[in-house]
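> quick one, structure for this:
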Amino acid sequence: MRTYLGQEALEQDLQNALNHLYDPAYSPPPELRNILGCHEADPGAFQASILRLIQALAPPPETPPAARSRRIYDVLACRYIQKLTQEETAERLGITPRHLRREQAHAIHVLAQRLWENYLTLMERGAAETPERIVQVRQELNALERGGIERTADVGNTIERVVELVHAIANKRQVTLIVHPVPAGLAVPIHPSELRQILVRTMSELVRRMSSGHVEIRVEQGTDSITIVMMTPTVPSTPLPADDLVQELLAAHSGTLTSVTQDGCFACTVRFPRAAVYRVLVVDDNADLIHFYRRYVQGTRYHIVPLREGARVFEVIQTVMPDVIVLDVMLPDVDGWELLLHLHNHPATRSIPIIVCSVVREEELALALGAKLYVPKPVRRQEFIQALDRALGVTQNGRSAGQNQVESVASPMSARSATTG
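Sure, this is the predicted structure:
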């Protein structure tokens, strides 16, 4: 197999791949495919690998908005994850299209540099089987994410299951696993299976290096992050090895793994950004459909708040402060089109993106009256999740740029008689 002799050739292929990322007829060069660990017959895996490479550039949540690393990631995320045009990206980032083109070229250069460094590291490891294992690891990750729907992992539930699995190894070495209570509802933006594998591998390797004693597992909450700490007063006999699978999983989800020995104790910490939770106000009188929506968003970053009466929407918005609204235009108490227009024109709600989801096939009208997106019913799970992602402009790490701060809302419809829709 021919390999790259320098970063420049790799960058050219990467640029071309990004230009054709969503083109089903595009066939990436085998050298680029192999570096990313993609099977030749699976174009979806190649796309997922490119997106994972971009996600690995996501800066920590506390990074200032003006930081260079934040701008690099935002440019790539807008262009290739959210599929915005250059003009739309420039508008979102508050720069001119000409400036955006320069920023995009620099961001792709940084992305290529990251991929080149990964490639050199892989080659420097030297062992003939290592590149093959890296390829296999990435293929496994691609297969796991092939559904295209982001999931979040409940930290408490995951730790509980991991401890049950590692308990068998710990018993053989007379090691006790002590789990401190974990607050309910803590979540991190990673597939539950991926988080389990990270913790199983890390905890198992720690226990294997002990002949007795105990390991305490606790969770620390930061403003924007969650840290899982595995600490023992028994310093392991040998260092924990670097694990390709763990490193790939961490890099894909902006996670970190650190180990430190201090005051006679050893601590291994796994840190992830805290998963953002988005409130979705669904204005629809169909109870069965609400049930499906709730099933659709299970294990994702979205939380459904149902509302059957359109006339109460401004009252509920003031209480719930939704991040996005899913609106049916056929409501029993008000006219949905008129409600959409009022929501778009009211200063306290015009910043909230609205998705019109209806059997009424009027996409042009929905967009003209202020909707962000139109989705025809019936809507499938993946379509529903992707519509929410697009409306909010969210990516895998961090909240959307426009968090809604709803002021006091007085319904512009309160003085009007309800109109049957």
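> does anything pack onto the helix ranked longest in the chain? Which helices or strands?
Longest helix in the chain by number of residues (criterion: DSSP state H): helix 97-124. Judged by 3 or more Cβ pairs under 8 Å, 6 or more residues apart in numbering; DSSP states H and E, the packing partners of helix 97-124 are helix 7-19, helix 30-35, helix 43-55, helix 68-76, helix 86-93, helix 129-144. Quick note: C-beta positions are derived from backbone N, CA and C, even for glycine.
> between the ones you listed, which one is nearest to residue 268?
helix 129-144 (20.8 Å; Cβ to Cβ).
> what is the next helix or strand after the closest one packed up against?
Following helix 129-144 in sequence order, the next helix or strand is strand 153-154 (DSSP states H and E). If contacts are counted by 3+ Cβ pairs under 8 Å, 6+ apart, strand 153-154 sits against strand 187-188, helix 192-208.
> so for strand 153-154, mean pLDDT?
Per-residue pLDDT over strand 153-154 has a mean of 86.
> which residues touch stretch 183-197?
141, 144-145, 150-158, 161-162, 219, 221, 226, 245-246, 249, 252-253, 255, 272-277, 299, 301, 396-397 (Cβ atoms under 8 Å, 6 or more residues apart in numbering).
> do you know how far residue 212 is from residue 235?
Look at residue 212 and residue 235: by Cβ to Cβ, to the nearest Å, they are 13 Å apart.
> out of the helices and strands packed on strand 153-154, nearest to residue 284?
Using Cβ to Cβ, the helices and strands packed on strand 153-154 put strand 187-188 closest to residue 284, at 25.9 Å.
> in its sheet, what does that closest one sit against?
Paired strands of strand 187-188, with direction, are strand 153-154 (antiparallel) (DSSP bridges).
> next SSE downstream of the partner strand?
Following strand 153-154 in sequence, per DSSP H and E, is helix 155-172.
> count of neighbours near the nearest residue to residue 265 once chain neighbours are set aside?
Nearest residue to residue 265 in three dimensions, chain neighbours excluded: residue 233, at 5.1 Å (Cβ to Cβ, 6 or more residues apart in numbering). Burial of residue 233 is recorded as 12 neighbouring residues (other Cβ atoms under 10 Å).
> where does the stretch 101-250 of the chain have low pLDDT?
Residues of the stretch 101-250 of the chain that meet the criterion pLDDT under 70 lie in 118-150, 237, 242.
> 90 instead?
The stretch 101-250 of the chain contains residues with pLDDT under 90 at 112-154, 168-169, 172-173, 183-194, 197, 205, 208-212, 221-225, 234-250.
> which stretches in the stretch 201-350 of the chain count as strands?
Per DSSP state E, counting those that start in this stretch, the stretch 201-350 of the chain carries strands over the ranges 213-221, 225-232, 256-262, 265-273, 278-283, 302-307, 324-327.
> out of the ones you listed, deepest packed?
A comparison of those by mean neighbour count, using mean count of other Cβ atoms under 10 Å, puts strand 324-327 on top with a mean of 26.
> just send the strands of the stretch 201-350 of the chain back as a markdown table, with distance to residue 182 too.
Formatted as a markdown table, the strands of the stretch 201-350 of the chain follow (distance: least, Cβ to Cβ, whole Å):
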| stretch | distance to residue 182 |
| --- | --- |
| strand 213-221 | 5 |
| strand 225-232 | 9 |
| strand 256-262 | 19 |
| strand 265-273 | 13 |
| strand 278-283 | 23 |
| strand 302-307 | 20 |
| strand 324-327 | 29 |
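> ok, which of the ones you listed comes nearest residue 9?
For the strands of the stretch 201-350 of the chain, proximity to residue 9 was assessed by Cβ to Cβ; strand 256-262 is nearest, at 31.4 Å.
> angle of the closest one against helix 192-208?
Strand 256-262 runs at 20 degrees relative to helix 192-208, counting by axes from the mean of the first three to the mean of the last three Cα atoms, to 10 degrees.
> and strand 256-262, average pLDDT?
Mean pLDDT, strand 256-262: 86.
> returning to that earlier point: how much space separates the residue nearest to residue 265 from residue 290?
In this view, residue 233 and residue 290 are 51 Å apart by Cβ to Cβ.
> equivalent analysis for residue 372, please.
Separation of residue 372 from residue 290 (Cβ to Cβ) stands at 21 Å.
> repeat for residue 60
Shown here: residue 60 relative to residue 290, a distance of 36 Å by Cβ to Cβ.
> kindly state the beta-bridge partners for the closest residue to residue 293 other than its chain neighbours.
Excluding the flanking residues, the one nearest residue 293 by Cβ to Cβ, 6+ apart is residue 304, at 5.3 Å. Going by DSSP bridges, residue 304 is paired in beta bridges with residue 280.
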